[in-house]
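Visitor: What shape does this take:
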Amino acid sequence: MTRRRNQWGSGFAEPASARLSRLNDSLSFDRALFAEDVEGSIAWTEALREARVLTVSEARRLTAALREVAKREAPRSGHEDVHSWVEAELARRLGPLAGKLHSGRSRNDQVAVDLRLWLKRALAEARRGLLDVAHALAARARVEAATPMPGYTHARRAEPVTFGHWCLAYVEMLFRDVSRCDDALARADECPLGSAALSGTPLPIDRALLARRLGFARPTANSLDAVSDRDAAADYLYAGAMALSHLSRLAEDVIAFSSDEHRFLELPDRLATGSSRMPQKKNPDLLELVRGHAARAAGDLAGFLALLKGLPLAYDKDLQLDKEPVFRLRDTLAAVLPAVAELVAAVRLDRARMAEAAADERLLAADLADALTGRGVPFREAHARVGRRLARARTARRTLADLPPSDGIESRDLAALDLGRALGRRRALGGTAPLRVAEAARSASRRIAAARGRS
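Guide: Predicted coordinates for the structure are as follows:
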């Protein structure tokens, strides 16, 4: 491997070791910041002109050269990082003038602003993708507001709900994920450029104007903090890990519901895979990969927080390792979110089988106890009476409705053992009554439209 001269000036007597370069170089991954690096450099060029460090002609030439460089594709090797590659490209075009661009600026605030710009776009992109999944779920909820299915606790059938209600449970999770993106965007909306290495630029730069020029709400308030702050990256990793965790739960539900044992729904052929050995198999690989990506995102978040926890002020090279997890997460969300949205819209329900499972009278046992409570029986006593009736029914291999009235349970109480009646009773806000679910689905669609309008 060729030994490259040191990037850091003439004070070093030896060129960089190939072993150092292998460990130190980051162009192979931070090339993802290429567009943001050029954007930040153009804004800095204008700030230098306003500070009279550059003449109008010099600024014009630098800006034109940066725009030409932006048309190229950053390589994967040959330079320490994307910043040094851009500078080298400028030097090839402009000669010594290229060296003026770094006046009053450090790679510390340069990479900080590049990453902030990138994260703002990544968060906005994640937000759009999450709303697309929420939209697909809300659309299914409107159609399936009255489609009964078993609800589960402890992975056991518990009480009947509707498929629309199930869809809206995940919509609520996704709304929280969107709010996390919004919160992270608000906190990330500060421009670190002008902080220089750690103590602030010595040039008369109007940082408020520079921030606005780059689309930020304001400049950062403290240069020591600004060059080492990676909270926005941690926020992004947390928001993404939480979103993938929610989608992993959805994936697990759908895997179970589409299993041979449940057969509540069927995956579309275009979003399932087969087996190299067993012709009958239809595998939920997409959903299993969602679960796997959720696990990796959680691990990346934990590793990132461990990276940050012991760093002294200000910049430390450890922070070079901040980028690969966030780059990986953006690629993951870009693949996962559209795929899940398409799957939600395309799954085919076996409504008859779902209704049959939901009508299992054991799921209506609480409704029978409620009927007794409605006649003044304390709920704990009603619960015990229904429990004894269930035990007798199991022993006699009969249903709750087939047993004659006994133990204070009357014929009129047994009318509670009706699926439609049970669902209709859950009409409190947030409940699974079909009319309530239809209303909630319409409300969710309006909230999604409003959130999209704020993008």
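Visitor: alpha carbons only for contacts and neighbour counts from here, please
Guide: OK.
Visitor: Identify all contacting residues around stretch 315-335.
Guide: 26, 29-30, 32, 108, 122, 126, 129, 197-198, 227-228, 230, 233, 236-237, 240, 293, 297, 300, 304, 307-308 (C-alpha atoms under 8 Å, 6 or more residues apart in numbering).
Visitor: how about the longest helix seen in the chain: buried residues?
Guide: Longest helix of the chain, by residue count under DSSP state H: helix 107-143. Neighbour counts over helix 107-143 (16 or more other C-alpha atoms under 10 Å) mark 108-120, 122-142 as buried.
Visitor: for the helix or strand following that helix, which positions count as buried?
Guide: Following helix 107-143 in sequence order, the next helix or strand is strand 148-153 (DSSP states H and E). Judged by neighbour count using 16+ other C-alpha under 10 Å, the buried positions of strand 148-153 are 148-151.
Visitor: the helices in the stretch 201-350 of the chain, which residues?
Guide: With DSSP state H, counting those that start in this stretch as the criterion, the stretch 201-350 of the chain has helices at 207-213, 223-228, 231-257, 285-308, 323-346.
Visitor: so can I have JSON lines of the ones you listed showing mean neighbour count?
Guide: Formatted as JSON lines, those follow (neighbours: other C-alpha atoms under 10 Å):
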{"stretch": "helix 207-213", "mean neighbour count": "18"}
{"stretch": "helix 223-228", "mean neighbour count": "23"}
{"stretch": "helix 231-257", "mean neighbour count": "22"}
{"stretch": "helix 285-308", "mean neighbour count": "18"}
{"stretch": "helix 323-346", "mean neighbour count": "18"}
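Visitor: And those: which comes nearest Ser275?
Guide: Proximity of the helices of the stretch 201-350 of the chain to Ser275 was assessed by C-alpha to C-alpha; the nearest stretch is helix 285-308, lying at 10.6 Å.
Visitor: can you list the weak-confidence ranges in this protein?
Guide: 1-10 (pLDDT under 70).
Visitor: domain ranges for it?
Guide: Segmentation of the chain into domains, based on automatic domain parsing, reads 18-103, 108-203+217-354, 359-417.
Visitor: The stretch 1-150 of the chain: helices as residue ranges?
Guide: Remark: helices assigned in the stretch 1-150 of the chain by DSSP H, counting those that start in this stretch are 18-24, 27-30, 34-50, 56-69, 82-94, 107-143.
Visitor: residues in contact with Ser195?
Guide: 105, 109, 201, 222-224, 226-227.
Visitor: Check those and tell me the two furthest apart.
Guide: Greatest spacing in those, by C-alpha to C-alpha: Arg105 and Asn222 (15.3 Å).
Visitor: Could you check which of these two has the larger neighbour count?
Guide: When Arg105 and Asn222 are compared for neighbours, Arg105 comes out ahead with 20 against 13, by other C-alpha atoms under 10 Å.
Visitor: what's near enough to touch that one?
Guide: Contacts for Arg105 (C-alpha under 8 Å, 6+ apart) come out as 193-197, 201.
Visitor: Ala294 too?
Guide: Ala294 touches 241, 244-245, 247-248, counting by C-alpha under 8 Å, 6+ apart.
Visitor: Could you tell me how far the most centrally placed residue in the chain is located from Ser248?
Guide: Central residue of the chain (C-alpha atoms, centre = their mean): Gly240, 3.1 Å from the mean position. To Ser248, Gly240 is 12 Å away according to C-alpha to C-alpha, to the nearest Å.
Visitor: Please apply the same query to Met242.
Guide: Using C-alpha to C-alpha, Met242 is found at 10 Å from Ser248.
Visitor: The stretch 301-450 of the chain: strands as residue ranges?
Guide: Taking DSSP state E, counting those that start in this stretch, the strands of the stretch 301-450 of the chain run over residues 348-349.
Visitor: Can you tell me how far the closest residue to Val290 other than its chain neighbours is from Arg426?
Guide: Of all residues not flanking Val290 in the chain, Ser248 sits nearest, at 5.7 Å (C-alpha to C-alpha, 6 or more residues apart in numbering). For Ser248, the distance to Arg426 equals 28 Å [C-alpha to C-alpha].
Visitor: How many residues are close by Glu89?
Guide: Residues near Glu89, counting by other C-alpha under 10 Å: 18.
Visitor: so it makes contact with Val69?
Guide: Yes - at 6.8 Å, Glu89 counts as touching Val69 under the criterion of C-alpha atoms under 8 Å.
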